[in-house]
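>>> Everything below, folded, please.
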Amino acid sequence: MDPAGGCPHADNARLLARGAVAPVVLPGEVAGVAVLGHEALKEVLAHPEVAKGAEHFTALREGRIAAGWPLTTFATVRGMTTADGEDHRRLRSLVSKAFTARRVEQLRPRIDELTAGLLDDLHYAAEDGGGVADLRRHFALPLPMGVIGELLGVDAEYQDLLHHLSNQVVATDIGPEQALAANRELVAVLSVVASARAEEPGDDLTSALIAARDEEGDRLSQEELIGTLVLMIIAGHETTLNLITNAVRALCGHRDQLDLVTKGEASWADVVEETLRWDAPVSYFPFRYPVRDLTLDGTVIPKGTPVLAGYSAAGRDRAAHGPDADRFDVTRPGRPGAARHLSLGHGAHYCLGAPLARLESTIALERLFTRFPDLDLAVSEAELSRHSSFVGNSVRALPVRPGSSRG
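Residues are numbered from 1 along each chain as shown. This is a model prediction of the structure:
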């Protein structure tokens, strides 16, 4: 795996041509496996003998993972993404009420309000920038960060710092000292947030988690509290940030598809689902571990091997999505028999925040292109700098020309 990240699709196609499962070398010369094919990924995501707990990671258990390994947080953070069985159900239940379809729908007016204000910010940023503004910085980032920040009770003053630290935690090309420092600072900032909510509880998820810790100590430890906040901050904004960014890139590069939506021949929800498939916001997500030697699509994955979920590859697997899987087509999600993408997971660990990510993205895209119907990229796709990570899949900045405003 290239620690510098980059666009994954060409490499994915080459690997998929050889099979649905591929041995890979992770940073630090750690042996792993990437699951690329749609059906193979669907199987491994729900396999009863594939675990998430770090105690199953053989190289880590045997002390062969160096301090400051850039993927350590994905393996060792204490929370539902690294828990199995009853522990996973316990931790998931503590936060699931905040992400039910009903609770998410209640957030719609606030998301509308935030979106309207950010569209104004994008307009003014373009005026100051000679007609060009970074859509990622002024729109795609502050919307999900603002929403998850309010859900968690995180003061706005911390949000830029938390995004910066999250970026470093998910980067795969940083050195050990930088990785350790980013993790320490992220834990420290969230500990301050938790302390503030403990002193002044509010109607937010952090206050609810603290109450569970203090009133029913067996339901949540302090380490699990902070670990859950780490996961909520990272997953609660990075994925939606990339999703909105990638959808805008896709629509600007496929104006015919944008026309279908504006004519009512496809919906904004269709745009979101096709973007999730075609350019998944998470490329390769760490980790799962077979609890015994596992044969998957004819390939033996040894017990305790770290497995990457190849969402960006599975989304363009022709065996599942047809010979035109490389084509961005917003009418695809509505076709009878169309394979459903796996980019938000599958099985017990299916993304808890999926309803929120979908709501934020559909509102953001509809309002954006209604306000700025002529919005387009200010540079070519080839000029866009990619994330320095094979986990996240997007670009560092998205310079756009919003054009004239209708509001």
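>>> Could you identify the helix or strand that succeeds the helix or strand containing Leu122?
Assigned by DSSP states H and E, Leu122 belongs to helix 108-128. Sequence order places strand 133-134 as the next helix or strand after helix 108-128, per DSSP H and E.
>>> hang on, the earlier thing: and the contacts of the helix holding Leu122?
The contact list for helix 108-128 (Cβ atoms under 8 Å, 6 or more residues apart in numbering) reads 132-135, 138-139, 142-143, 146-147, 150, 359-360, 363-364, 367-368, 371-372, 400-402, 405, 407. From N, CA and C alone the C-beta is placed, and that goes for glycine too.
>>> Among these, which ones are in strands?
Ala133, Asp134, Val400, Arg401 (DSSP state E).
>>> Generate a ChimeraX selection restricted to the buried subset of the contacts of helix 108-128.
ChimeraX command restricting the contacts of helix 108-128 to the buried ones, with burial defined by 16 or more other Cβ atoms under 10 Å:
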select :132,133,134,135,138,139,142,143,146,147,150,359,360,363,364,367,368,371,372,400,401,402,405
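>>> For the ones in strands among the contacts of helix 108-128, give me TSV that also has distance to Tyr124 and pLDDT.
Shown next, in TSV, are the ones in strands among the contacts of helix 108-128 (distance: Cβ to Cβ, whole Å; pLDDT from 0 to 100):
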residue	distance to Tyr124	pLDDT
Ala133	8	98
Asp134	13	98
Val400	14	98
Arg401	14	98
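>>> How confident was the prediction at Leu180?
Leu180 is assigned a predicted lDDT (pLDDT) of 88.
>>> How about Glu216?
For Glu216, pLDDT reads 65.
>>> What of Ala208?
You'll see Ala208 listed with a pLDDT of 89.
>>> Dihedrals phi and psi, the one residue sitting closest to the centre of the chain?
Among the residues of the chain, the one closest to the centroid is Thr239, at 2.6 Å (Cα atoms, centre = their mean). Dihedral angles of Thr239 (phi, psi; degrees, to the nearest 10) stand at phi -70, psi -50.
>>> hang on, it packs against Glu360?
No: judged on Cβ atoms under 8 Å, Thr239 makes no contact with Glu360 at a distance of 10.2 Å.
>>> Quick check: neighbours shared by those two?
In terms of Cβ under 8 Å, 6+ apart, Thr239 and Glu360 are not both contacted by any residue.
>>> re the thing from before, check which residues of the helix holding Leu122 are buried.
So helix 108-128, judged by 16+ other Cβ under 10 Å, has buried residues Ile111, Leu114, Thr115, Leu118, Leu119, Leu122, His123, Ala125, Ala126.
>>> In the chain, where is pLDDT below threshold?
216-218, 407 (pLDDT under 70).
>>> Show me where it has its strands.
Ranges of strands in the chain, per DSSP E, are 21-26, 30-35, 50-51, 133-134, 284-290, 294-296, 299-301, 307-310, 376-377, 399-401.
>>> what's the closest residue to Lys42 other than its chain neighbours in contact with, if anything?
Spatially, and ignoring its direct neighbours in sequence, Lys42 is nearest to His346 (5.5 Å; Cβ to Cβ, 6 or more residues apart in numbering). Listed by Cβ under 8 Å, 6+ apart, the contact set of His346 reads Leu41, Lys42, Leu45, Ala46.
>>> And Arg103, by the same measure?
Applying Cβ under 8 Å, 6+ apart, one finds that Arg103 lies in contact with Lys97.
>>> From Tyr350, how far out is it?
Here the distance between Arg103 and Tyr350 works out to 17 Å (Cβ to Cβ, to the nearest Å).
>>> One more: Ile363?
For Ile363, the distance to Tyr350 - Cβ to Cβ - is 22 Å.
>>> top of the contacts of His346 by neighbour count?
When neighbours are taken as other Cβ atoms under 10 Å, the top entry among the contacts of His346 is Leu41 (29 neighbours).
>>> Quick check: that one touching Leu342?
Yes: Leu41 lies in contact with Leu342 (Cβ under 8 Å); the separation is 5.6 Å.
>>> So for these two, which residues contact both of them?
Tyr311, Ala314.
>>> The nearest residue to Arg92 once chain neighbours are set aside: neighbour count?
Leaving aside its sequence neighbours, Arg92 sits nearest to Met80 (Cβ to Cβ, 6+ apart; 4.8 Å). Neighbour count of Met80, defined by other Cβ under 10 Å: 26.
>>> Surely Met80 touches His88?
Yes: using Cβ under 8 Å as the test, Met80 is close enough to His88 to be in contact (5.5 Å).
>>> shared neighbours of those two, anything?
By Cβ under 8 Å, 6+ apart, the residues touching both Met80 and His88 are His349.
>>> who touches the closest residue to Leu186 other than its chain neighbours in this structure?
The shortest distance from Leu186 to any non-neighbouring residue, by Cβ to Cβ, 6+ apart, is to Leu165 (4.3 Å). By Cβ under 8 Å, 6+ apart, Leu165 lies in contact with Ala182, Glu185, Leu186, Val189.
>>> Filter these down to the buried ones.
Ala182, Glu185, Leu186, Val189.
>>> so which of those residues comes closest to Thr206?
The closest of the buried ones among the contacts of Leu165 to Thr206 turns out to be Val189 (Cβ to Cβ; 12.5 Å).
>>> Distance check, that closest one against Leu205.
According to Cβ to Cβ, Val189 stands 16 Å off from Leu205.
>>> again with Ala382
To Leu205, Ala382 is 41 Å away according to Cβ to Cβ.
>>> out of these two, which sits in the more crowded spot?
Neighbours of Ala382 and Leu205, each counted by other Cβ under 10 Å, are more numerous for Leu205; the result is 24 against 6.
>>> what's the more buried one in contact with, if anything?
Applying Cβ under 8 Å, 6+ apart, the residues near Leu205 are Val95, Ala98, Leu151, Leu152, Gly153, Met232.
>>> give me that answer again for 7 Å
Contacts for Leu205 (Cβ atoms under 7 Å, 6 or more residues apart in numbering) come out as Val95, Ala98, Leu151, Leu152.
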